[in-house]
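**Student:** Provided below for reference: sequence and predicted model.
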Amino acid sequence: MEESAVDFFMRYFRNDLEYFVIASSVHANSDEVGHYGDAADDQRDSDLIQGLVQSGLVRQFSYKKRFGRDPSSQKYTESVEKEWSDISLINGDDFSIVCIRSLLVAKMVVYGLYGHCFIMAPDWQLAFYPHDDFGFGVIGLGDDANVRVAHDFLAQADHLPGMHSSIRMPSTS
């Protein structure tokens, strides 16, 4: 399902991806990646992360080494929040389509991958984001957001097997 959703996204926007900007704080906790418990999933996760780290799209580090061993401490919590808010802007054409696809799939499936990932279309004032399970959300980035593009994308995604789109508009009052 995740790969199907990502492949649809990549096909739908294939002519526009070079104009997109990736806003990402995605990072991998090496204490968790590859330790989910299912051998096939763990290998897939490790392979995805290794490729993304090598490409420079994702950073990998140990939460325990960087933040300490007490996840209930204030310092640990603040450090994790800071890491999540450390968003880098990346031009869509700085990386291959294969790398971007891998990032989107990984964001949906990899255990131990954290942070935010938005694929922004500045000309349309839209941000697309992969859900942590599968599929995409779309957010308008202002009053002039091109909601037609967002609606068309979600309406087409609704036709994929096993997919369902929900479109909510803010109240105009």
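**Tutor:** On my side now, so go ahead.
**Student:** got the CA positions of stretch 98-105 in CSV?
**Tutor:** Output of stretch 98-105 as CSV, limited to C-alpha atoms (Å, rounded to 0.1, in the frame of the first residue of the first chain):
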residue,chain,number,x,y,z
VAL,A,98,14.7,7.2,-6.6
CYS,A,99,16.0,9.0,-3.5
ILE,A,100,12.9,11.0,-3.1
ARG,A,101,10.7,8.0,-3.6
SER,A,102,12.8,6.1,-1.0
LEU,A,103,12.4,9.0,1.5
LEU,A,104,8.6,9.0,1.1
VAL,A,105,8.3,5.2,1.4
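**Student:** so what's His116 up against?
**Tutor:** By CB atoms under 8 Å, 6 or more residues apart in numbering, the contact list for His116 reads 23-26, 84, 87, 129. C-beta here means a position set from N, CA and C on the backbone, and glycine is covered the same way.
**Student:** let's see 7 Å
**Tutor:** 24-25, 84, 87 (CB atoms under 7 Å, 6 or more residues apart in numbering).
**Student:** One more: His27?
**Tutor:** By CB under 7 Å, 6+ apart, the residues touching His27 are 58-61, 83, 114-115.
**Student:** would you turn those residues into a markdown table with secondary structure, pLDDT and distance to Trp124?
**Tutor:** Shown next, in a markdown table, are those (DSSP: H, G, I helix; E, B strand; the rest coil; pLDDT from 0 to 100; distance: CB to CB, whole Å):
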| residue | secondary structure | pLDDT | distance to Trp124 |
| --- | --- | --- | --- |
| Val58 | coil | 94 | 26 |
| Arg59 | strand | 94 | 29 |
| Gln60 | strand | 95 | 32 |
| Phe61 | strand | 94 | 34 |
| Glu83 | helix | 91 | 29 |
| Tyr114 | strand | 93 | 27 |
| Gly115 | coil | 95 | 24 |
